[in-house]
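>>> no sequence on this one, just coordinates:
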């Protein structure tokens, strides 16, 4: 069974641009969560999607948004990029939402803002 | 300006030793706990989980202990190998929402 796939693996952008990251969950998994990982803040929860609806949201500005498609694939978008947005963005999938179960992570998209 | 990062706890062991990685969690209502391993350039990898109605769970070379009285979680790795070198995260959950600890760097010397 294929794991969580994130594309692209690496991305370089400049301040003020926007970016879209993609995540394909494990087949059969319907819940997708996004996390930001930085050396300064560690792993921070961005948002969770289930059945094409955002179910939970972390403490990030509105520049961070996401969506989920009917096949459970998800995208996240960051607009008006800032230097501080440089981070590893991780996607994790699980079977269902709201249930205690392991989340399985992709290898992330490394975003660098110049 | 100077970049300030998390100062992760570190643990250095010799190959073949047993390792114990500790984690204090914050929410007494958390009822599910997971340990993840993250190698350089990769995403966190699930190792083992435990529910709050248990105090011990064993996997292959790994054991997780849960002490709810003091809100403490530990991961024991038996016969540690160089391939175990990584950052280890604990995560607590209630209702499916995970909160991660800061991580511990494990270095295994051959």
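Cool, the structure landed. Please read all numbers here as calculations on a predicted model, not as lab measurements.

>>> Sheet-wise, list the partners of the lowest-mean-pLDDT helix or strand in chain B with their directions.
Here the helix or strand of chain B ranked lowest by mean pLDDT, DSSP states H and E is strand B:97-100, holding a mean of 86. Strand B:97-100 has the following strand partners under DSSP bridges: strand B:86-94 (antiparallel).

>>> Could you check how far the strand it pairs with is from the centre of its chain?
5 Å (C-alpha atoms, centre = their mean, to the nearest Å).

>>> State the mean pLDDT of that strand.
Strand B:86-94 shows a mean pLDDT of 93.

>>> same deal with stretch A:6-23?
Mean predicted lDDT for stretch A:6-23 stands at 98.

>>> Give me the distance between the two termini of it.
End-to-end distance of stretch A:6-23 (C-alpha to C-alpha, to the nearest Å): 5 Å.

>>> what comes into contact with the least confident helix or strand of chain B?
For strand B:97-100, the external contacting residues (C-beta atoms under 8 Å, 6 or more residues apart in numbering or on different chains) are A:33, A:35, A:42-43, A:45, A:48, A:56, A:103, B:26-27, B:30, B:34, B:36, B:89-93. Every residue, glycine included, has its C-beta placed from N, CA and C.

>>> Which ones among those map onto strands?
Using DSSP state E, the subset of the contacts of strand B:97-100 located in strands is A:33, A:35, A:42-43, A:45, A:48, A:56, B:34, B:36, B:89-93.

>>> Is it possible to get a markdown table of these that adds neighbour count and distance to residue B:79?
Compiled in a markdown table, those are given as follows (neighbours: other C-beta atoms under 10 Å in any protein chain shown; distance: C-beta to C-beta, whole Å):
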| residue | neighbour count | distance to residue B:79 |
| --- | --- | --- |
| A:33 | 28 | 33 |
| A:35 | 25 | 31 |
| A:42 | 18 | 29 |
| A:43 | 23 | 28 |
| A:45 | 19 | 34 |
| A:48 | 27 | 37 |
| A:56 | 17 | 39 |
| B:34 | 23 | 22 |
| B:36 | 28 | 20 |
| B:89 | 25 | 22 |
| B:90 | 25 | 21 |
| B:91 | 24 | 25 |
| B:92 | 23 | 28 |
| B:93 | 23 | 29 |
